[in-house]
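Chemist: The following comprises the amino acid sequence and a computationally predicted model.
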Amino acid sequence: MRPLRVLVVTAVAAERDAVCAAAGPYTAERLPGGYALHRPVPPVDRSPGPAPVALDALAAGVGPAAAAAATATALTAAALTGEPCDLVVSAGIGGGFAPGAPLGSVVVADAIVAADLGAETPEGFTPVTELGFGTVAHHPDPALVRAVAAAAGAQAGPVLTVSTVTGSAGRAAQLAARHPGALAEAMEGFGVAEAAAAHGVPVLEIRTVSNAVGPRDRAAWRIGPALTALTAAFGALPGALRATTSLGAAPAPQPAPSARRTP
Ligand SMILES: O=C(O)c1cccc(C(=O)CC[C@H]2O[C@@H](n3cnc4c(=O)[nH]cnc43)[C@H](O)[C@@H]2O)c1
C-alpha cells in the first residue's frame with residue numbers, strides 16, 4: 001500500500017527539527033530553489049495493513065509569502081516524481097490568545113485565517129473579500145481536525161496568519177474582536193494553505209504556544225517547551241491519520257475467514 005505522504009512546513013529549522021524528532025532519523029534532499037526537504041530514513045514501512053505515514057519536513061522561512069513559495073515548490077516536486085503529497089501541515093510555535101490557549105498548549109486550526117489581508121478604511125479594517133476579491137480563510141476537513149486534535153491533546157479553533165507579530169494589548173483585542181474564538185496567531189498558515197489549495201491537497205495547521213498574544217515581551221517567550229510540545233504532537237499525528245478515513249487511507253484489513261460454511 002502506498003504510504004500517506006505528509007508535507008510538514010515550518011518557518012525555521014528549530015521547528016522542523018522538533019517535528020523530525022518525532023520520527024527518527026532523517027536525510028536532507030535538495031529541491032529546486034535550494035530548499036532542503038527532510039525525509040525519514042529508512043523509508044517508511046510498506047508492509048500490509050493501514051497505510052503507513054511518511055512525514056517530510058521543510059523549513060520555509062518566516063511569513064506567508066515564504067511559506068507559500070516553499071510549499072508550492074515541494075508539492076510540485078513531489079507530483080513530478082510520482083509521489084504526490086496527501087496532506088500538507090503548517091506547523092510551529094505561535095502566540096496564544098488568552099485565556100483559551102495558554103503557554104505550552106497545542107492548537108489545531110479549524111480555520112486558517114489571513115487576519116491582515118485587506119485595506120484600512122475610515123471605518124476600520126476591511127478584508128479583501130469585502131473588497132470583491134480573493135479569500136481570507138481556509139477550512140480544514142472537520143473530521144481530520146477532530147481526530148488530530150484528540151490524538152494530540154489539542155484544542156481546535158481558528159488560527160490567524162499575520163505578517164506582523166502582535167505587540168500590544170490594543171492590537172490583540174482588535175484581532176480577538178474581529179475573530180471570535182481565535183486561539184492562536186502565527187505567520188505562515190495561510191500561505192501554506194493557499195499553496196495546498198492550488199494543488200488540491202488537504203491542509204492542517206498545528207501550533208504549540210510559545211508566548212501570549214499581547215504586549216511584546218520577547219524574554220517571556222517559552223520556545224523550548226513549545227518545541228517539546230511540537231515533537232509530542234507530531235508523535236501522535238501518524239496514529240491519528242491512520243485511524244481516519246478522511247485522507248482516503250484504507251481501513252485496517254479484517255482477518256480472512258479461515259473456513260466458510262455454505263448454508
Ligand atoms: O530563537 C529561537 O530559538 C527560535 C526557535 C524556534 C522558533 C523561533 C521563532 O522565532 C519562530 C518564528 C515563528 O513563530 C511564530 N510565532 C511565534 N509566536 C508568534 C506570535 O506571537 N505571533 C506571530 N507569530 C508567532 C511565527 O509563525 C514565526 O514564523 C525562534
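Modeler: Thanks, I have the structure now.

Chemist: residues from the protein in reach of the ligand?
Modeler: 11-12, 14-15, 62, 92-95, 162, 165-166, 185-188, 210-211, 213, 223 (CB under 6 Å from any ligand atom). Any C-beta I mention is one placed from the backbone N, CA and C, and that applies to glycine too.

Chemist: Out of those residues, list just those in helices.
Modeler: Taking DSSP state H as the definition of helices, those contribute Ala14, Glu15, Ile223.

Chemist: Low-confidence ranges, the stretch 151-263 of the chain, go.
Modeler: The stretch 151-263 of the chain contains residues with pLDDT under 70 at 248-263.

Chemist: mind listing the helices in it by residue range?
Modeler: Taking DSSP state H, counting those that start in this stretch, the helices of the stretch 151-263 of the chain run over residues 169-178, 189-198, 223-243.

Chemist: Out of these, indicate the one that is most buried.
Modeler: helix 189-198 (a mean of 26; mean count of other CB atoms under 10 Å).

Chemist: would you put the C-alpha positions of it in PDB?
Modeler: The C-alpha coordinates for helix 189-198 follow below in PDB (Å, rounded to 0.1, in the frame of the first residue of the first chain):
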ATOM      1  CA  GLY A 189      -0.500  29.100   7.900                       C
ATOM      2  CA  PHE A 190      -2.400  31.000   5.200                       C
ATOM      3  CA  GLY A 191       0.500  30.900   2.800                       C
ATOM      4  CA  VAL A 192       0.800  27.100   3.200                       C
ATOM      5  CA  ALA A 193      -3.000  26.700   2.800                       C
ATOM      6  CA  GLU A 194      -3.100  28.800  -0.400                       C
ATOM      7  CA  ALA A 195      -0.400  26.600  -2.000                       C
ATOM      8  CA  ALA A 196      -2.100  23.400  -0.800                       C
ATOM      9  CA  ALA A 197      -5.400  24.600  -2.200                       C
ATOM     10  CA  ALA A 198      -3.800  25.400  -5.500                       C
END
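
Chemist: Show the secondary-structure elements that it is packed against.
Modeler: helix 64-80, strand 87-96, strand 106-114, strand 137-138, strand 155-161, strand 203-212 (3 or more CB pairs under 8 Å, 6 or more residues apart in numbering; DSSP states H and E).

Chemist: Let me have those in a markdown table, extended by distance to Ser246.
Modeler: Listed next are the helices and strands packed on helix 189-198 as a markdown table, based on distance: least, CB to CB, whole Å:
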| stretch | distance to Ser246 |
| --- | --- |
| helix 64-80 | 19 |
| strand 87-96 | 9 |
| strand 106-114 | 13 |
| strand 137-138 | 15 |
| strand 155-161 | 14 |
| strand 203-212 | 10 |
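
Chemist: Take these and write them to CSV, including mean neighbour count.
Modeler: Putting the helices and strands packed on helix 189-198 into CSV (neighbours: other CB atoms under 10 Å) gives the following:
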stretch, mean neighbour count
helix 64-80, 20
strand 87-96, 28
strand 106-114, 26
strand 137-138, 20
strand 155-161, 24
strand 203-212, 26
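
Chemist: Determine which of those approaches Thr126 most closely.
Modeler: When the helices and strands packed on helix 189-198 are compared by CB to CB, strand 106-114 sits nearest Thr126, at 12.9 Å.

Chemist: wait, doesn't Ala111 sit right on Pro158?
Modeler: Yes - counting by CB atoms under 8 Å, Ala111 does reach Pro158; the two are 4.2 Å apart.

Chemist: I'd like the distance from whichever residue of the stretch 1-150 of the chain sits closest to the ligand to Leu80, if you could.
Modeler: Distance from the ligand to each residue of the stretch 1-150 of the chain (CB to the nearest ligand atom) is smallest for Gly95, at 2.3 Å. The spacing between Gly95 and Leu80, counted by CB to CB, to the nearest Å, is 36 Å.

Chemist: In contact with Thr208, which residues are there?
Modeler: Residues counted as contacts of Thr208 (CB atoms under 8 Å, 6 or more residues apart in numbering) are Gly92, Ile93, Gly94, Gly104, Ser105, Val106, Val107, Ala226, Leu227, Ala229, Leu230, Ala233.

Chemist: Quickly list what it is bridged to.
Modeler: Beta-bridge pairing for Thr208 (DSSP bridges): Ile93, Val106.
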